[in-house]
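# coords please:
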Amino acid sequence: MPFRTARTTVGAVAFLLAVAGGLGATLWYSHAHSTSSSAAAGSTGVDFSNDPDANGAASDLAQKLLTDVQPLAGYAGLQIVRYGIEVDVVGAPSEAIQATVARDDTQYQGKPIPVRYRSVRHTEHDLQAVVDRIETDEGYWKQQGIDPTAWGIDINSNTVQISLTHYTKAYRDALFARYGSDWVSVVSHDVMTEGG
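Numbers count the residues shown, from 1 in each chain. You can find the predicted model right below:
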């Protein structure tokens, strides 16, 4: 799940380092429905996103899960959060995803690391197709005077986030028109300007 810029591609290793460093600690719930994979979820009293030892254990589990659940249908992403690990899926978690999570169970301080599911709209595979399309369209956008500086999957919003050198509402609307406002979010690389 690479995050692309106009000049470089940063691969899954950077994502895992960000997760291991606790950068994936923000939990976005506005359209989320969580279910727990274990009765112990949330009962550990440990902040897996900030406690170094807990984060290390969660990172080990996240790396196993990433390898095992990423190819499964319905998978949309995962991140370390305060209570443990959040696995994003389209709809309810499939039996295959639930079985994989149960099999990859990792303990911290004698208790399972809690894993919860968040229901989202788009799979990682579908979002990656949008990332690839944006990369293909980069020259087109530059011809239109729109300079996307970076783009990649944003797990919290379950969209492809596009960063613009010069953000305007008109540029945002042009990107929404081409890719769909449900598929992309547009942010300013510099100070946001109104109008456009």
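# now do the phi/psi pair for residue 98.
phi -60, psi -40 (degrees, to the nearest 10).
# quick one, strands of this structure?
For the chain, applying DSSP state E gives strands covering 3-5, 9-10, 34-36, 75-81, 84-90, 107-108, 111-112, 115-120, 148-154, 159-164, 184-188.
# which stretch in those has the least confidence?
In terms of average pLDDT, strand 9-10 trails the rest of the strands of the chain, at a mean of 34.
# so for residue 59, which of the strands of the chain sits nearest?
strand 75-81 (6.6 Å; C-beta to C-beta). In short, each C-beta sits where N, CA and C put it, glycine included.
# each with direction, which strands does the closest one pair with?
strand 84-90 (antiparallel) (DSSP bridges).
# the partner strand vs strand 115-120, what angle?
Note on geometry: by axes from the mean of the first three to the mean of the last three C-alpha atoms, to 10 degrees, strand 84-90 and strand 115-120 are set 30 degrees apart in direction.
# low-scoring stretches of the chain, by residue?
1-44, 190-196 (pLDDT under 70).
# could you point out the longest helix in it?
When the chain is parsed with DSSP state H, its longest helix is helix 124-143.
# next, the buried residues of that helix.
124, 127-128, 130-131, 134, 137, 141 (16 or more other C-beta atoms under 10 Å).
# now render the strands of the chain as CSV, adding mean neighbour count.
Below are those laid out as CSV (neighbours: other C-beta atoms under 10 Å):
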stretch, mean neighbour count
strand 3-5, 18
strand 9-10, 13
strand 34-36, 14
strand 75-81, 25
strand 84-90, 24
strand 107-108, 16
strand 111-112, 17
strand 115-120, 23
strand 148-154, 20
strand 159-164, 22
strand 184-188, 19
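# figure out which of the ones you listed is closest to residue 174.
strand 184-188 (9.4 Å).
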